[in-house]
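>>> Fold the stuff below for me.
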Amino acid sequence: MAVQTIAEVIHELDLIVEDSIREKCRLGFFAWVYKRTTEQIRDEIEKGNFRDNERLEKFDVLFANYYLDAYKNYQLGNPVSSSWQVAFEAEHNKLTIIQHVLLGMNAHINLDLAIAAGRIMEGKPIEELQPDFDKVNEILASLLDEMQSKISGVSLFMFLLDLIGKRTDEKIINFSMVKARSQSWNIANELWELKGAEREKRIAEVDQSIHNLGMFVRNPKSKFLGFILKLMSWFEEKDPDRIIQKLSQ
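Okay, the predicted model is just below:
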């Protein structure tokens, strides 16, 4: 059953984080990041900092249900989108912590967010949502330093990604929540204009594109970036349960 409130979203994310600690599962890395950002959105809603706080909460809950449904279906062995499949299957790969986080962001922001934004504004001008959509971007941007600091506590060489961030061929470094949301808004506008079979066809096309990006995140073609990620993995905390516990402190 889909959750109905942002409080229920946070509760479900708590359960995923707890399950990940118990099962030593790396899927909890993204769940922790998502929980932290959702808590911040909740706080801003409670302060009345959006133009339409009631709609923003409904939007946030609708958006979250795409992830929660995908996670539950994957656990049950049911089909999920190609974007989520490549992210979830990575739990069996020896990837860095940041790669696992990016894979979750890739599927949820680049695909799910666009679908949710188009859906919440069906029958209404989608531009009415943009001020609050942009406000969320500002909130996420304010959390990036905190997120990086937390991850650096369990991944000692995270700073290397900053050092190579200006290399234009290292696309994985330029991937961020804010930039991904900007692209997602463009796709949301496309989906909002489409109906029926045309809309589903476009969603499938986007899903395949985001799946391909996820494959790049999992296995970068750049030998240089591959070396940096391998170096990072050597000096990271290895136990998923300890990583999630330290992130949550």
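
>>> pLDDT weak spots in this structure?
Along the chain, the parts satisfying pLDDT under 70 run over 1, 161-179.

>>> 50 - rerun?
Low-confidence segments of the chain, defined by pLDDT under 50, are located at 167-171, 173-174.

>>> Would you map the helices across it?
Per DSSP state H, the chain carries helices over the ranges 6-23, 28-46, 53-76, 82-88, 97-107, 114-120, 130-152, 159-163, 177-193, 196-218, 223-234, 240-248.

>>> Ranking the ones you listed by mean neighbour count, which comes first?
helix 97-107 (a mean of 25; mean count of other Cβ atoms under 10 Å). Where you see a C-beta, it was placed from the backbone N, CA and C, and this is true even at glycine.

>>> other SSEs contacting that one?
Secondary-structure packing of helix 97-107 (3 or more Cβ pairs under 8 Å, 6 or more residues apart in numbering; DSSP states H and E): helix 28-46, helix 82-88, helix 130-152, helix 177-193, helix 196-218.

>>> Out of those, which is closest to residue 73?
Nearest to residue 73 among the helices and strands packed on helix 97-107 is helix 82-88; the distance by Cβ to Cβ comes to 8.5 Å.

>>> Contacts made by that closest one with the rest, please.
Outside helix 82-88, the residues within contact range by Cβ atoms under 8 Å, 6 or more residues apart in numbering are 27, 30, 70-71, 74, 80, 103-104, 106-107, 110-111, 207-208, 210-211, 214-215, 218.

>>> cutoff 6 Å now
Applying Cβ atoms under 6 Å, 6 or more residues apart in numbering, the set of residues contacting helix 82-88 from outside is 70, 74, 103-104, 107, 111, 207, 210-211, 214-215.

>>> what does stretch 182-198 give?
Under the criterion Cβ under 6 Å, 6+ apart, external residues in contact with stretch 182-198 comprise 109-110, 113-114, 117-118, 121, 126, 199, 202, 206.

>>> starting at the chain centroid, how far to it?
Stretch 182-198 has its C-alpha centroid displaced from the chain centroid by 19 Å (Cα atoms, centre = their mean, to the nearest Å).

>>> coming back round to it: export the contacts of stretch 182-198 to CSV and tack on distance to residue 15?
Compiled in CSV, the contacts of stretch 182-198 are given as follows (distance: Cβ to Cβ, whole Å):
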residue, distance to residue 15
109, 22
110, 25
113, 22
114, 26
117, 26
118, 28
121, 30
126, 33
199, 32
202, 33
206, 29
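
>>> Not counting stretch 24-43 itself, show me its contacts.
When contacts are defined by Cβ under 6 Å, 6+ apart, stretch 24-43 is touched by residues 6, 9-10, 13, 16-17, 20, 60, 91, 97, 100-101, 104, 139, 240-241, 244, 247.
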